[in-house]
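>>> coordinates only, sequence not included:
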């Protein structure tokens, strides 16, 4: 791509998905980036450049799926890997190798939660429509809300207790803070009844979220058309029959 | 822990699981490590030290699940994060930041394949027994073998073509080579009929696997009692009804 921005992001243009974790890091830090597939060109062409990267066998390493980040003529995929790469460059991963390791480890937990959440509406196969696995989705969701949601949220909440700070690393924001912010909103969107039952139970996460919502740049992004609202694509989806008071 | 070895690994003692990706990196490089939960102590006590780390809220960051690596008094969890940390220390991640990024990205793809494989036998919930989701497991496996297995294997195979080498990075072995070696054997174990149909179709992967099996240290480990054979725990499991010629 002959873009003039420092970073180019390639991701599906109509859903927040895993691309949103990358967008939040770029937006929060005010990075110079272009969201390639959302450029105001002919709609049909929007994802052509992304599909071309995925098909291009001359690129090393080949890429399996978006999001893909382009920087200095190189491509990187896998959300946590992209964030690890961006972390040190955007001042979003603390100051030491130890901080970077903490961030990556925490991000991979958020990725696991995202996978488990996706599994609630697609337990049998990502190759099938939701409508074709509706019954199983109810079972998977019931089990997720009963056995996993509190386990994950307690874990994330605990991680913030030790530093006695709003942020995972203490004084400054790191990329997992921003991803947890997104995941929390995703859970509120997907499971309003279950999350209502949990109101006030994870005060550290709630405090992180309110603190970040006061950040001027993040708030501006949050309210802009650049941010794609949650919908029935991607990880965090709302389906009435999966919204259960458990 | 007052161990004298440089690295301590904490993982379930009776299954290869995600711990095996770490063991292979440590074993291949001849690292000085102890597999704590497999020390010949009273069986009931084997996992106590691991459970204590998971419960310890004074450790920053808290840990969600094993494998956990202890090094220089610090703990790290999440397999790909541990391998990224070990990669530069054990000479298993090339020589540059670019090499390290390629390794992490590739490892996260292997982790995705591992998750999808786990989902074939536990589509509804990890909190339920396999026996309680048997019908759904058949559906999930059918879909995995039909839509995902070739996609993943083609992807991994392609990644090795460009370097015209046995190894992902070219001349030297990196940790994703070892993890792919394990995943390939796991797939052969879990889905012998499906993998039989694919014999010879992914020559780069097969060539990597044969090459690594000629490595003296790896072969010695492979044939030792330190290596836990695949079984009906962990990621790659054999269930007759999931072994399908698809």
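It's in. Note that the structure is a prediction, hence the values are computed from the model and not measured.
>>> Look up how far residue B:100 lies from residue A:10.
Distance, residue A:10 to residue B:100, using CB to CB, to the nearest Å: 22 Å. In this view, the C-beta of every residue, glycine as well, is placed from N, C-alpha and C.
>>> try residue A:102
From residue A:102 across to residue B:100, the span is 17 Å (CB to CB).
>>> In chain A, where's the longest helix?
For chain A, the helix with the greatest residue count under DSSP state H is helix A:97-121.
>>> now the helix or strand bottoming out on mean pLDDT in chain A, how far from the centre of its chain.
None of the helices or strands of chain A scores lower by mean pLDDT, DSSP states H and E than helix A:48-55, at a mean of 91. Distance of helix A:48-55 from the chain centroid (CA atoms, centre = their mean, to the nearest Å) equals 21 Å.
>>> who's in contact with the helix or strand just after that helix?
For helix A:48-55, the following helix or strand on the C-terminal side (DSSP states H and E) is strand A:68-71. Residues outside strand A:68-71 that contact it (CB atoms under 8 Å, 6 or more residues apart in numbering or on different chains): A:1, A:3, A:6-11, A:22, A:50, A:53-54, A:75-77, A:82, A:85-86.
>>> give me that answer again for 7 Å
Strand A:68-71 has contacts (CB atoms under 7 Å, 6 or more residues apart in numbering or on different chains) with A:1, A:6-10, A:22, A:50, A:53, A:75-77, A:82.
>>> just those now: which is nearest residue B:17?
Minimum distance to residue B:17 across the contacts of strand A:68-71 is 25.2 Å, recorded for residue A:77 (CB to CB).
>>> Against chain B, how distant is the closest one?
The gap separating residue A:77 from chain B is 6 Å, by CB to the nearest CB, to the nearest Å.
>>> go on, residue A:180?
Distance from residue A:180 to chain B, by CB to the nearest CB: 12 Å.
>>> Remind me what the one helix or strand that residue maps to packs against, helices and strands.
Using DSSP H and E, residue A:180 sits within helix A:175-190. Secondary-structure packing of helix A:175-190 (3 or more CB pairs under 7 Å, 6 or more residues apart in numbering or on different chains; DSSP states H and E): helix A:19-28, helix A:79-89, helix A:97-121, helix A:203-213.
>>> Now with 10 Å, please.
Helices and strands touching helix A:175-190, by 3 or more CB pairs under 10 Å, 6 or more residues apart in numbering or on different chains; DSSP states H and E, are helix A:19-28, helix A:79-89, helix A:97-121, helix A:149-161, helix A:192-197, helix A:203-213, helix A:216-222.
>>> Now tabulate those helices in CSV and tack on mean neighbour count, distance to residue B:223 and mean pLDDT.
As requested, the helices and strands packed on helix A:175-190 are exported to CSV (neighbours: other CB atoms under 10 Å in any protein chain shown; distance: least, CB to CB, whole Å; pLDDT from 0 to 100):
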stretch, mean neighbour count, distance to residue B:223, mean pLDDT
helix A:19-28, 25, 43, 98
helix A:79-89, 24, 34, 98
helix A:97-121, 22, 32, 98
helix A:149-161, 19, 38, 95
helix A:192-197, 15, 49, 98
helix A:203-213, 17, 48, 97
helix A:216-222, 13, 55, 97
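>>> Isn't residue A:19 up against residue A:12?
Yes - the criterion here is CB atoms under 10 Å, and residue A:19 meets it with residue A:12 at 6.7 Å.
>>> Could you report the distance from the residue of chain A most remote from its centre to residue A:85?
Distance from the centre of chain A peaks at residue A:58, with 28.7 Å (CA atoms, centre = their mean). Look at residue A:58 and residue A:85: by CB to CB, they are 21 Å apart.
>>> Residue A:233 too?
Counting by CB to CB, the gap from residue A:233 to residue A:85 is 26 Å.
>>> and if you look at residue A:26?
Distance from residue A:26 to residue A:85, by CB to CB: 12 Å.
>>> Residue A:222 too?
Distance, residue A:222 to residue A:85, using CB to CB: 24 Å.
>>> go on, residue A:74?
In this structure, residue A:74 and residue A:85 are 10 Å apart, going by CB to CB.
>>> Overlap of the contact sets of these two?
Residues touching both residue A:74 and residue A:85 (CB atoms under 10 Å, 6 or more residues apart in numbering or on different chains) are B:98, B:101.
>>> before we move on, the earlier item: the longest helix of chain A vs chain B: in contact?
Yes - under the criterion of CB under 10 Å from any CB of the partner chain, helix A:97-121 makes contact with chain B via A:97-98, A:100-109, A:111-113, A:115-116, A:119-120.
>>> Buried ones only from the contacts of strand A:68-71, please, as a ChimeraX command.
Filtering the contacts of strand A:68-71 down to the buried ones (16 or more other CB atoms under 10 Å in any protein chain shown) takes a single ChimeraX command:
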select /A:7,8,9,10,22,50,53,75,76,77,82
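>>> Same list, the contacts of strand A:68-71, but as JSON lines with distance to residue B:182 please.
Converted to JSON lines, the contacts of strand A:68-71 look like this (distance: CB to CB, whole Å):
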{"residue": "A:1", "distance to residue B:182": "36"}
{"residue": "A:6", "distance to residue B:182": "38"}
{"residue": "A:7", "distance to residue B:182": "34"}
{"residue": "A:8", "distance to residue B:182": "34"}
{"residue": "A:9", "distance to residue B:182": "32"}
{"residue": "A:10", "distance to residue B:182": "30"}
{"residue": "A:22", "distance to residue B:182": "29"}
{"residue": "A:50", "distance to residue B:182": "31"}
{"residue": "A:53", "distance to residue B:182": "28"}
{"residue": "A:75", "distance to residue B:182": "27"}
{"residue": "A:76", "distance to residue B:182": "24"}
{"residue": "A:77", "distance to residue B:182": "22"}
{"residue": "A:82", "distance to residue B:182": "25"}
